[in-house]
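[1] this is the structure alone, sequence omitted:
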């Protein structure tokens, strides 16, 4: 593969990677806090809310993300009466699908983090005179996040790779441009270039989370 050919395919693939990165950041920024709210709903003493949250988490984790994307992009507009109001831009629909799916996974991760915290922590906060909000924000959440961080890191790296599913709903991302170059030039090299770009993105994320783990370990 010549340098000229490499540069000719690299530019459109980097443009596709911008779409990949944009989806990743939108999904992470929204799904993590939504996942935490789902965790609180699952642990709620109000049984109907807890049951709804548990059912949602089960459905989203029990069905493929690709299926969910297809339903949101192509299935919702086919619903009678309301379908015409549910036609979304493909990228917006994909963002919605990723957010709803990953929120369920983060909810389970945070639930595991909360379960790992000893009940004595709650009792100690009461002795110190902290209210429920102070207990949650100053005592429980920092410890939960420290425990959940490795799992969050793993799920975040998985999210980067799952962005390739945008190809299935006709959103022009990194893999789309790689496939276009393969079909046009009859060479497999664009796939290797796409793989290299994915590896660079996951390496950056891995290094960032390793830094976070070291920071929380020594604090």
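    Received it, and whenever you're ready, just let me know what you need. Keep in mind it's a predicted model, so treat the numbers as computed, not measured.

[2] kindly provide the distance from the residue found closest to residue 116 once you drop the neighbours it is linked to in the chain to residue 104.
    In space, and not counting its chain neighbours, residue 116 is closest to residue 147: 4.9 Å by Cβ to Cβ, 6 or more residues apart in numbering. To be clear about C-beta, it is placed using only N, CA and C from the backbone, and glycine gets the same treatment. Residue 147 sits 19 Å away from residue 104, going by Cβ to Cβ, to the nearest Å.

[3] most remote residue from this structure's center?
    For the chain, the largest distance from the centre (Cα atoms, centre = their mean) belongs to residue 127, which lies 37.8 Å off.

[4] show me where pLDDT drops low in this structure?
    The chain contains residues with pLDDT under 70 at 1, 217-219.

[5] where along it do the helices fall?
    Residue ranges of the helices in the chain, as given by DSSP state H, are 3-42, 47-62, 65-70, 90-115, 119-127, 132-134, 141-162, 174-185, 189-218.

[6] hey, which of those helices is tucked in deepest?
    helix 90-115 (a mean of 21; mean count of other Cβ atoms under 10 Å).

[7] specify the angle between it and helix 3-42 in degrees.
    Inter-element angle recorded for helix 90-115 and helix 3-42: 50 degrees (by axes from the mean of the first three to the mean of the last three Cα atoms, to 10 degrees).

[8] packing partners for helix 90-115?
    If contacts are counted by 3 or more Cβ pairs under 8 Å, 6 or more residues apart in numbering; DSSP states H and E, helix 90-115 sits against helix 3-42, helix 47-62, helix 65-70, helix 141-162.

[9] out of those helices, nearest to residue 174?
    Of all the helices and strands packed on helix 90-115, helix 3-42 sits nearest to residue 174, with 4.1 Å by Cβ to Cβ.

[10] quick check: angle from the closest one to helix 47-62?
    Helix 3-42 runs at 160 degrees relative to helix 47-62, counting by the same axes, to 10 degrees.

[11] so that it lines up with my notes, have the first residue be 69 from now on.
    Sure, I'll start counting at 69 from here, so that last one is helix 71-110.
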